[in-house]
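S.K.: output the structure for:
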Amino acid sequence: MSQTDTAKINALNKRSENLSKVDVDSSSYLAQEALTLAKEANFKRGIAAATKNLAICNYVNGKSDIAIKQFIEAIKLFEELKDVSELAHCYSQMGIAYYLQYQYDNALKYYDKSIELYKKTTNKKDLAGVYINQGISYTYVKKMDLAEINYNEALKIYHEINYKPGFAPAYNSLAKIYYAKKEYAKAISYYKLAEQYSLKSNNKYHLITNYNSLAMCYKELKEYETAKTYSEKSIAISKEVGSVERELFCHETMADILFSMGDYKNAYASFQNYASLKDTLFNQDKNDAIAEMQAKFDVEKNQQKVKEIELQKKIDDEANTKQRILFMVVIVVILISLVFTILLFRNKQKVNSLLEQKNAAIQANLEQKEVMMSEIHHRVKNNLQMVSSILDLQARDLTDEKSMRVIEDSLSRINAISLIHQRLYQSDNIRGIKINTYLQELAFDILKNFSSSVTTTPIQLTCKVADLNMDLESAIPIGLITAELITNACKYAFLSIEKPEITITLNKQKDALVLIVTDNGIGKQASINESGTSFGTKLIKSLSRKLRADITEDTSEKGTSVQLKINSFKLYDI
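M.R.: From the prediction side, this is the model:
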């Protein structure tokens, strides 16, 4: 293994770690790439770091069970390497993964292991962070005194290393303990300390929490005017930063304060604001509903299997009985044979009746599954829209143009997938979608976002897509590839074109699908088939491999034409 290979793997893992809390998909992609290279090179440290990064991505995505298994793998490797710092970090992250699964006792155990190892290192900032996280877990198991000790330990470290960004959350956590103990005056003193450090660091999100919490404390002390003033501050800052979720809780606090003051009219208005904002946010009820539907589906599926087994056992038992009776009838007398024939006829009618009931039950079960799958597609579409909204909110706080472009591209890709789920839940056929209608609607959505910023003349779109009913596993990568090609054309092709045009063609030729996206722009400076470095180019190549597609590209003065010959796809007959 060369030093170049080692450096590349370490760089991929470092980028993945930095992106894990801001761009989980990119972080996961980089970690997977690092893991593949590290295994090929038998680079143990690279394998351990990539596995740890994949685990972090999984718990951020809500897959804590998978994350825990990956952390265990990473821990074994770091133990072999005797890397105390990485082991401490893994145990800390294991604690977070168990916390997200509401397994607070396991979370506390791994936080203890992490603290023990961090004490052997010079990394005091991360040690303080583990104290904070463990303190939060202590509050959920009602061990407030231990939580208070943890928060004070964290504060002591932050003061020792003069790490000012840690002061506000630590004081905030201490204040929550005293609020829970109904020691409101002491809680107020800590919330005001947190406020001071939030103001110094200009952390408006911490200020929202500080002011809303102060409003709650003063309300409990019946100092309603002061409580109202702080509540108004928290609402104003929530609106300023565009934090809908925080504004939701601030309106709830304001409604409670106004109601206690006897100002029922304005209290009702605040509650209406709270209800309106709540409807715009994805909440746990939706997750519970999907989980309940899935559980119900699994139970019914198991019940159906049990019924089928019991029915088959009845049929087998009856068949054995018939054989014994037949044998006895043959031995004894012809008369008994006649009686047996009559019994056989009656039993056949009974079996047919049971089979008809079984078939009817199976058909009803299938229809119910289709309804449930349609609802799941609907909820997936809503969840993707929520992700888009969250990314859009995050983009508003960004000033870096490159980061904003990355989020805009991510929104376009999410829209491509969301559109498929929207069409599936609106359609009677949930196994596939009309690819011509989907691609045309997807293209119009992208052009609508780009036309005004790219050229003064609207971009002319021509769709020559065959009327094919396509499987979801094939439609999603084709839609994402088409979206990337149209987006690239809109970004780079029409800078000086008076009548911009884009043509999409998709036809079935023998055993393959041929997708062609053409523009009349100025042409590209770099080919897809060259060693592209952008995420969009890597995405097109990755999806093409999934479809077993051959890519050819033709660039000239008349524009650019990209053709994919897709060899792996699935169609459904309606």
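S.K.: which parts of stretch 469-483 are buried?
M.R.: 469-470, 472, 474-483 (16 or more other C-beta atoms under 10 Å). All C-beta atoms are positioned from the backbone trio N, CA, C, and that covers glycine.
S.K.: if we only consider these, which is nearest to Ile551?
M.R.: Ile481 (9.3 Å; C-beta to C-beta).
S.K.: wait, that closest one sits on Gln563?
M.R.: No: counting by C-beta atoms under 8 Å, Ile481 sits too far from Gln563 to count as a contact (11.4 Å).
S.K.: what residues are shared contacts of the two?
M.R.: Shared contacts of Ile481 and Gln563 (C-beta atoms under 8 Å, 6 or more residues apart in numbering): Leu515.
S.K.: where does confidence bottom out across the buried residues of stretch 469-483?
M.R.: Within the buried residues of stretch 469-483, Leu472 has the lowest pLDDT, namely 80.
S.K.: any idea how far Phe569 is from that residue?
M.R.: Leu472 sits 11 Å away from Phe569, going by C-beta to C-beta, to the nearest Å.
S.K.: counting by contacts, list what the host helix or strand of Gly129 packs against.
M.R.: Gly129 is part of helix 124-140 when elements are defined by DSSP states H and E. Applying 3 or more C-beta pairs under 8 Å, 6 or more residues apart in numbering; DSSP states H and E, one finds that helix 124-140 contacts helix 84-100, helix 104-118, helix 144-161, helix 167-180.
S.K.: run the angle between it and helix 144-161 for me.
M.R.: Angle of helix 124-140 versus helix 144-161, following axes from the mean of the first three to the mean of the last three C-alpha atoms, to 10 degrees, is 160 degrees.
S.K.: returning to that earlier point: dump the helices and strands packed on helix 124-140 to a markdown table, plus mean pLDDT, mean neighbour count and distance to Tyr438.
M.R.: Below are these laid out as a markdown table (pLDDT from 0 to 100; neighbours: other C-beta atoms under 10 Å; distance: least, C-beta to C-beta, whole Å):
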| stretch | mean pLDDT | mean neighbour count | distance to Tyr438 |
| --- | --- | --- | --- |
| helix 84-100 | 89 | 22 | 35 |
| helix 104-118 | 93 | 19 | 44 |
| helix 144-161 | 90 | 18 | 52 |
| helix 167-180 | 86 | 22 | 46 |
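S.K.: can I get those in JSON lines with distance to Lys491?
M.R.: Output for these, formatted as JSON lines (distance: least, C-beta to C-beta, whole Å):
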{"stretch": "helix 84-100", "distance to Lys491": "38"}
{"stretch": "helix 104-118", "distance to Lys491": "45"}
{"stretch": "helix 144-161", "distance to Lys491": "45"}
{"stretch": "helix 167-180", "distance to Lys491": "40"}
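S.K.: returning to that earlier point: could I get the buried residues of stretch 469-483 as CSV with distance to Leu199?
M.R.: Converted to CSV, these look like this (distance: C-beta to C-beta, whole Å):
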residue, distance to Leu199
Asn469, 59
Met470, 56
Leu472, 51
Ser474, 54
Ala475, 51
Ile476, 47
Pro477, 49
Ile478, 52
Gly479, 47
Leu480, 45
Ile481, 49
Thr482, 49
Ala483, 44
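S.K.: so which of those are in helices?
M.R.: 472, 474-483 (DSSP state H).
S.K.: Cys490 contacts Ile459, correct?
M.R.: Yes: between Cys490 and Ile459 there is a contact at 7.1 Å, judged by C-beta under 8 Å.
S.K.: put the alpha carbons of the helix or strand containing Leu199 into CSV.
M.R.: Taking DSSP H and E as the criterion, Leu199 maps to helix 184-201. Provided in CSV are the C-alpha atoms of helix 184-201 (Å, rounded to 0.1, in the frame of the first residue of the first chain):
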residue,chain,number,x,y,z
TYR,A,184,-37.5,29.5,39.4
ALA,A,185,-35.3,32.3,40.8
LYS,A,186,-32.2,30.1,40.5
ALA,A,187,-33.3,29.0,37.0
ILE,A,188,-33.6,32.6,36.0
SER,A,189,-30.1,33.4,37.1
TYR,A,190,-28.6,30.6,35.0
TYR,A,191,-30.8,31.5,32.0
LYS,A,192,-29.5,35.1,32.2
LEU,A,193,-25.9,33.8,32.2
ALA,A,194,-26.7,31.7,29.2
GLU,A,195,-28.3,34.9,27.6
GLN,A,196,-25.1,36.9,28.1
TYR,A,197,-22.9,34.3,26.3
SER,A,198,-25.5,33.9,23.6
LEU,A,199,-25.4,37.6,23.0
LYS,A,200,-21.6,37.6,22.9
SER,A,201,-21.4,34.8,20.4
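S.K.: which secondary element of this structure has the worst mean pLDDT?
M.R.: For the chain, counting by mean pLDDT, DSSP states H and E, helix 284-332 ranks last in confidence among helices and strands (a mean of 60).
S.K.: now do the SS call for Ile504.
M.R.: For Ile504, the assignment made with DSSP: H, G, I helix; E, B strand; the rest coil gives strand.
S.K.: please apply the same query to Val514.
M.R.: Per three-state DSSP, Val514 ends up strand.
S.K.: enumerate every residue touching it.
M.R.: Contacts of Val514 (C-beta under 8 Å, 6+ apart): 505-508, 563-566.
S.K.: quick one: Ser231 and Ile257, what's the gap?
M.R.: 6 Å.
S.K.: any common contacting residues for those two?
M.R.: Common neighbours of Ser231 and Ile257 (C-beta under 8 Å, 6+ apart) are Ala215.
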